[in-house]
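[1] Structure here, sequence nowhere to be found:
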């Protein structure tokens, strides 16, 4: 079975367990293939954690879960040095934290204050952890999958912009349709009765690493490159589009990470679709997830009830595909 076929098999396994959230599954796989991190945001009970655990259950990997709470310490995430008494002499030894897993679930990440959240910054960007002056590399297959409750809920701490920027994708999880809800009922009943289908076995981690190399080989034309840059530039220089309200809505535009995210995610989207060339349609398909957490809205936009997705819709309408 080809690498592409095995990844599609992984997708079908996930869809069998996570009903009515195909877009969420697609974006999670895109983040996995693009070697990036993903932030899932939605109300409690919408299968955010289940989606991530289903991926871990079907992929050969070491799964770690970090439950973010107000009393969480940075060392609870990265690990710490412990004192070890041996016959040859006493010494300090590094005890790795849960961040050293392959698939790391940062559950309810915005339930912890900024000090604990900051423990992820180096790991997510440099793929390493520094403790007591020593640097420890993370596994080659490393993906942080964070869940977040809407920031309007009580007991949440907004993630700093620097940390939001380290997520490749920011995905909203919404309610399923009524028919999908009925399918969820039947699925859970079967699981509770012990009649859930047997697992087909884990997909090797090497498949993901091979798929990533194939994604890197997906071609991007100069026209699509210019389109990506133009979309990001529109968030930085909204005044260039006086016929729109972008200048009144956007306070801070996307960083260069936004450009890189669009490039990587659009290539992964094309590869999942079985193509070796990314198009403007691939860029449009991932634009909102790549940029919605990288722009800061103005007070006027918030006063008018304009959200980031509406702003990005306007960006798409103003920037012509080349």
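    Ah, there it is. Treat the numbers as computed from the prediction; the structure is a model and nothing was measured. Numbers count the residues shown, from 1 in each chain.

[2] how about low-confidence regions in the stretch 151-300 of the chain?
    151-154, 195-199 (pLDDT under 70).

[3] Count the residues that sit near the residue nearest to residue 17 when sequence neighbours are not counted.
    Spatially, and ignoring its direct neighbours in sequence, residue 17 is nearest to residue 54 (4.6 Å; Cβ to Cβ, 6 or more residues apart in numbering). For every residue, glycine as well, the C-beta is placed using N, CA and C. When neighbours are counted by other Cβ atoms under 10 Å, residue 54 registers 20.

[4] How about the one 10 residues further on?
    As a burial measure, residue 64 scores 19 neighbours (other Cβ under 10 Å).

[5] Name the SS class of it, please.
    Three-state assignment for residue 64 (DSSP: H, G, I helix; E, B strand; the rest coil): strand.

[6] Adjacent strands (with direction) for the strand or helix carrying residue 105?
    For residue 105, the element it lies in under DSSP states H and E is strand 103-107. Using DSSP bridges, the strands paired with strand 103-107 are strand 63-67 (parallel), strand 143-148 (parallel).

[7] and among these, the most buried is which?
    strand 143-148 (a mean of 26; mean count of other Cβ atoms under 10 Å).

[8] Following it in sequence, what is the next regular element?
    helix 161-164.

[9] got the contact list for that next one?
    39, 117-118, 120-121, 124, 170, 293-294, 296 (Cβ atoms under 8 Å, 6 or more residues apart in numbering).

[10] before we move on, the earlier item: and the residue nearest to residue 17, what does it touch?
    Contacts of residue 54 (Cβ under 8 Å, 6+ apart): 13-14, 17-18.

[11] What separation do you get for it and residue 48?
    To residue 48, residue 54 is 11 Å away according to Cβ to Cβ, to the nearest Å.

[12] Any idea how many residues pack against the residue nearest to residue 265 when sequence neighbours are not counted?
    Distances taken as Cβ to Cβ, 6+ apart place residue 286 nearest to residue 265, at 4.1 Å, with adjacent residues excluded. Neighbourhood size, residue 286 [other Cβ under 10 Å]: 25.

[13] List the buried residues for the helix or strand where residue 286 lies?
    Element membership of residue 286 [criterion: DSSP H and E] is helix 280-291. Under the neighbour-count criterion of 16 or more other Cβ atoms under 10 Å, helix 280-291 has 280, 282-291 buried.

[14] Tell me how many other residues crowd the closest residue to residue 64 other than its chain neighbours.
    Nearest residue to residue 64 in three dimensions, chain neighbours excluded: residue 101, at 3.1 Å (Cβ to Cβ, 6+ apart). Residue 101 is flanked by 22 other residues according to other Cβ under 10 Å.

[15] Verify the contact between residue 101 and residue 59 for me.
    No. Residue 101 is not in contact with residue 59 according to Cβ atoms under 8 Å; the separation is 12.0 Å.

[16] all strands for the stretch 51-200 of the chain, in order.
    63-67, 79-84, 91-96, 103-107, 128-131, 134-137, 143-148, 169-172 (DSSP state E, counting those that start in this stretch).

[17] Please identify the most buried of those strands.
    strand 143-148 (a mean of 26).

[18] so how far is that one from its chain's centroid?
    When distances are taken as Cα atoms, centre = their mean, to the nearest Å, strand 143-148 is centred 6 Å away from the chain's centroid.

[19] cool, and stretch 280-287?
    Taking Cα atoms, centre = their mean, one finds stretch 280-287 lying 17 Å from the centre of the chain it belongs to.

[20] Equivalent analysis for stretch 59-71, please.
    With Cα atoms, centre = their mean as the basis, the mean position of stretch 59-71 lies at 14 Å from the chain mean.

[21] Please list the outside residues in contact with the helix or strand harbouring residue 16.
    Assigned by DSSP H and E, residue 16 belongs to helix 3-17. With contact meaning Cβ under 8 Å, 6+ apart, helix 3-17 is reached by 1, 22, 25-26, 28-29, 33, 50-51, 54-55, 58-59, 187, 197, 200, 203, 207-208, 210-211, 214, 271-272, 274.

[22] let's see it at 7 Å
    For helix 3-17, the external contacting residues (Cβ atoms under 7 Å, 6 or more residues apart in numbering) are 22, 25, 29, 54-55, 58-59, 200, 203, 207, 210-211, 214, 274.

[23] would you list these in a markdown table and tack on distance to residue 77?
    Converted to a markdown table, the contacts of helix 3-17 look like this (distance: Cβ to Cβ, whole Å):
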| residue | distance to residue 77 |
| --- | --- |
| 22 | 31 |
| 25 | 26 |
| 29 | 25 |
| 54 | 23 |
| 55 | 20 |
| 58 | 25 |
| 59 | 22 |
| 200 | 33 |
| 203 | 27 |
| 207 | 28 |
| 210 | 30 |
| 211 | 28 |
| 214 | 32 |
| 274 | 38 |
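
[24] among those, which ones are buried?
    By neighbour count, with 16+ other Cβ under 10 Å, the contacts of helix 3-17 hold 25, 29, 54-55, 58-59, 203, 207, 210-211, 214 as buried.
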